[in-house]
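Asker: how does the following fold in three dimensions:
(chains A, B and C, ligands or ions: 2)
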Amino acid sequence: MAAPIVELCDVNKWFGAFHVLKDITLEVAKGEKVVVCGPSGSGKSTMIRCINRLEEHQSGRIVVDGVELADDIKAIDAVRRRVGMVFQSFNLFPHLTVLENLTLAPVRVAGMAPRDAEATAMALLERVRIPEQAGKFPGQLSGGQQQRVAIARALCLKPAVMLFDEPTSALDPEMVGEVLDVMSGLAAEGMTMICVTHEMGFARAVADTMVFMDEGRIVEIAPPARFFDHPANERTKRFLGKIIGH
Amino acid sequence: MKPSFRHRPLDWGRANLFSSPANSLLTVLALALLWQLAPPLVGWGVLRASWGAGDPETCRQAGGACWTLLTEKHRLMLFGVYPYEQHWRPLLAMALFVALLATSANRRFWRPWLAALWLLTVLGIGILMWGGVLGLVPVETAQWGGLPLTLVIAVLAIAMAFPFSILLALGRRSDLPAIKALSVGYIELVRGVPLVSVLFMASVMFPLFLPEGVTIDKALRALVGMTLFTAAYLAEAVRGGLQAIPRGQFEAADVLGLSYWQAMRLIILPQALRLVIPPIVNQFITCFKDTSLVTIVGLYDLLAATKAALNDPGWRPFFVEGYLAAALVYFCFCFFMSRYSQWLERELNRDRR
Amino acid sequence: MTGGRASIWGSTRFRGLVYQVLVVAVVVALGGWLVHNTLVNLEVRGIATGFGFLEREAGFGISENLISYTPADSYARALTVGLLNTLVVSAIGIVLATLLGTVLGVARLSGNWLVGRLASVYVEAVRNVPLLLQLFVWYGVLTALPGARQALHPLPGLYLSNRGLVIPSLDWSQGWLPVLEIPSLVGFNFVGGLTLSPEFAALLAGLTIYTAAFIAEIVRAGILAVPKGQTEAALSLGLSPGQILRLVVLPQALRVIVPPLTSQYLNICKNSPLAIAIGYPDLVAVSNTAINQTGQAVEGVTVVMVVFLALSLALSGLMNWYNKRVALVSR
Ligand SMILES: Nc1ncnc2c1ncn2[C@@H]1O[C@H](COP(=O)(O)OP(=O)(O)OP(=O)(O)O)[C@@H](O)[C@H]1O
Ligand SMILES: [Mg+2]
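Answerer: Ligands and ions are numbered 1, 2, ... in the order given. The predicted model follows:
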């Protein structure tokens, strides 16, 4: 495979005295789909939030598409342009319409002409299958629709990598499917994705690589087939037992 | 199920006035109090009162309220020592102000042009009051007085304090320790001292602060004092709004690559300020009442002008009537603004989207 | 994009530092400019600087003093007298406003329609009119009262005249238990009891009546904030109404009430300088006289501000400590 598009190398992070990330090393190739799972508090969110510098790591290297994250505004801006992110709680801007949510960054950050930005935004809304909601405010949409808008917003700057932090955890069960469908579609188009989720069906179908984290460490990295059927690590086994037993 | 009392006054009375022995006792006591107070008040205020033009002597003979005072002195109370034949100017200025406030109260008009309208109106009012152009006789601020002065100081203090308070609130929430410390220091310092001291400082110390030979208008000094004072309180209101914005909004703005100022201007402040409009209106009410303190540093606002009107020895015994009238003016402004703020709060909560 | 080392200007930390240095520099420069102007102005006007004046003889009388004071005493002592006056009127005002405000707040919630209405009218009328105006009215009323000989005598032991308010007092000098001393009118003078000057009485009345309206709203909101489920749960446990109020509702209501109540208490202190408008010699009034005599405005204003800051800090510290206690009780 080509050079990795996201590379974490011996990354360590502390919250005060609490060691959240311990020697995290992970390489993600272009087009690869990585699903991260692990018990609550194991540092999954913290790890992917380090990739676009929502959190700052204290040692180790994080390189995204050839740009190393450091205390450098240019580098951070460059990385954020290539990385889109979808949050558990959508974080749409409630005072802007769906369309305005989507065109904000292209116009204000990338300096795109408003008309072009709107065309791109409408195309993306088609892609997440809610073009008819463009004029509404986020509060007027269902959770599933909001999350799809959030995905479209993250795609607006044409990112090379998409990060998902439990995108379906805040949704009612009947809406989980529509969001996972959009994500599967994205995966099929070859997007590089790093996804924290407990949707094991989705993981089995879409993931190229499964990553299991516990207590701030990556405990196991394996392709889904081996990961689910013959996990090497004891803790992975126990975790899978619990999560699939339900 | 709660029974409906709409058509049965007796039932209503039983439920709301005489539901228990203790309650009945309270009702009887309250009625007794009213019975004690109401007849003398009506006698004084209406039956024995003197109305229309006249002099203190007629009032004294009538023995009741002297509303004559208002007929004789209302121009002085409302406009202070502003030149008498020019009173139409402050009157027009006040009308403009009230129209501006009424326009701003309508949510449909919360558009960028409203800010421009404010600037224009304030400019227009300034021209009207000062004069010196368009054939208007110039009138110095030392001669301004009464209700227009009260309104000018209250509105300008709030308007000028507002941008400053946003900076202070952002500073207080900043990650940069020195900026945070400065903001916190300023806010807490100002909120810890009485307004009277701030106004005294403004009136006696500002002249010392300026380079030798530069003087600063008395009204302007008071205005600056009020502004600096109000900004600290407004900053706390704005901070409340900022704190109510979930962290996710900041993060989403970050992730999209918006700069700090872009995120504030486009994402955070529009949401936060919408939340804090009711507290800001409340602060405006406070500021409006507080302008009465400029009386103490020798300006002729509504209260001081009323006091001046009562300085006439003949009228002095009728101070209650004079203050009641001034109180009514303050009450009308404050009461309606506070009702408006409550209505707005409900309205904004309802269609929080 | 390059992965090379960041230039120093690109560093967020460095930029943060630069911003801070800039802002601090601007503030310091502004402050320096003001101080410089002030010093020049003071020199031109021949005004002394420094706090040396505190030791000098004040030379003016103060009408009300809790500690002995004569015009021959120092400015420092005069300011202390003013401070004590401020403290006394604030402290009594806080107690009375809390009592009146609580009664009004409960009255607004009472099931009795008439009582609720009356309380609402009080609250709306009082809080929408400036305190200073109310002070003028109270002071006017008190000074327009008849002289001592025709003093109003609404209740036994209570006299109202243009010399102020005379109330019964407690005499502690007779051994262990205090003896209640009822004042009486003898000729032109009152014998026994405690005389409150019209200025003090007007200020106290104004502060109490005004602040009580705000406290009433706070108390009402606090009681309303306790969910009905709490009362129902307590009822289902078999607690009596008195126990419910004492053990369940009040501790929770207090948690909501205490923080805004603190700021009302601070407001009483910060409003007490309105005394100056009716001639009660509080700290600000005394310091103003001192400023007028010495011209040392900077020092005079500084003294007042420092005292009030200390007062605010002390009072909020006390209320915070109390708030922690109520917070624990209800947990
Ligand atoms: N800002 C912070 N300050 C201090 N500790 C934090 C902070 N954010 C997270 N933590 C702690 O770091 C640990 C890892 O948090 P993280 O959110 O990465 O876990 P997670 O694996 O995403 O868990 P979940 O599945 O519940 O989302 C947790 O113990 C959490 O309490
Ligand atoms: Mg998480």
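Asker: list of residues touching the helix or strand hosting residue C:250?
Answerer: Using DSSP states H and E, residue C:250 falls within helix C:250-271. With contact meaning Cβ atoms under 8 Å, 6 or more residues apart in numbering or on different chains, helix C:250-271 is reached by B:193-195, C:86, C:90, C:93-94, C:97-98, C:131, C:207, C:210-211, C:214-215, C:218-219, C:221-223, C:225-226, C:230, C:308, C:311-312, C:315-316, C:319-320, C:322-323, C:326-327, C:329-330. All C-beta atoms are positioned from the backbone trio N, CA, C, and that covers glycine.
Asker: in helices, which of the residues you listed fall?
Answerer: B:195, C:86, C:90, C:93-94, C:97-98, C:131, C:207, C:210-211, C:214-215, C:218-219, C:221-223, C:230, C:308, C:311-312, C:315-316, C:319-320, C:322-323, C:326-327, C:329 (DSSP state H).
Asker: if we check chain A, which of those are in contact?
Answerer: Checked against chain A using Cβ under 8 Å from any Cβ of the partner chain, those yield no neighbours at all.
Asker: okay, residue B:295 and residue B:80: tell me how far apart.
Answerer: For residue B:295, the distance to residue B:80 equals 11 Å [Cβ to Cβ, to the nearest Å].
Asker: now do the shared contacts for the two.
Answerer: B:301, B:304.
Asker: quick one: the lowest-mean-pLDDT helix or strand in chain A to chain centroid distance?
Answerer: One helix or strand of chain A scores below all others by mean pLDDT, DSSP states H and E: helix A:234-245, with a mean of 86. Taking the mean of its C-alpha atoms, helix A:234-245 sits 23 Å from the chain's own mean (Cα atoms, centre = their mean, to the nearest Å).
Asker: got the contact list for it?
Answerer: Here helix A:234-245 makes contact (Cβ under 8 Å, 6+ apart) with A:37, A:38, A:39, A:198, A:200, A:212, A:214, A:219, A:220, A:227, A:228, A:231.
Asker: could you do stretch C:195-206 as well?
Answerer: Residues outside stretch C:195-206 that contact it (Cβ under 8 Å, 6+ apart) are C:63-64, C:89, C:92-93, C:96, C:131, C:134-135, C:138-139, C:141-143, C:162-167, C:183, C:272, C:274-275, C:278-280.
Asker: averaged pLDDT, that stretch. What do you get?
Answerer: Averaging pLDDT along stretch C:195-206 gives 91.
Asker: thinking again about what came up before, buried ones in the least confident helix or strand of chain A?
Answerer: Neighbour counts over helix A:234-245 (16 or more other Cβ atoms under 10 Å in any protein chain shown) mark A:235, A:236, A:239, A:240 as buried.
Asker: how long is stretch A:188-204 from one end to the other?
Answerer: Stretch A:188-204 stretches 14 Å from its first residue to its last (Cα to Cα, to the nearest Å).
Asker: please apply the same query to stretch B:50-65.
Answerer: In stretch B:50-65, first residue to last residue: 6 Å (Cα to Cα).
Asker: show residues contacting that stretch.
Answerer: Applying Cβ under 8 Å, 6+ apart, the external contacts of stretch B:50-65 come out as B:43-49, B:66-69, B:71-72, B:314-315, B:317-318, B:320-321.
Asker: among the residues you listed, name the buried ones.
Answerer: When these are checked for burial by 16+ other Cβ under 10 Å, the buried set is B:49, B:66, B:67, B:68, B:69, B:72, B:315, B:317, B:318, B:320, B:321.
Asker: alright, that wraps it up for me.
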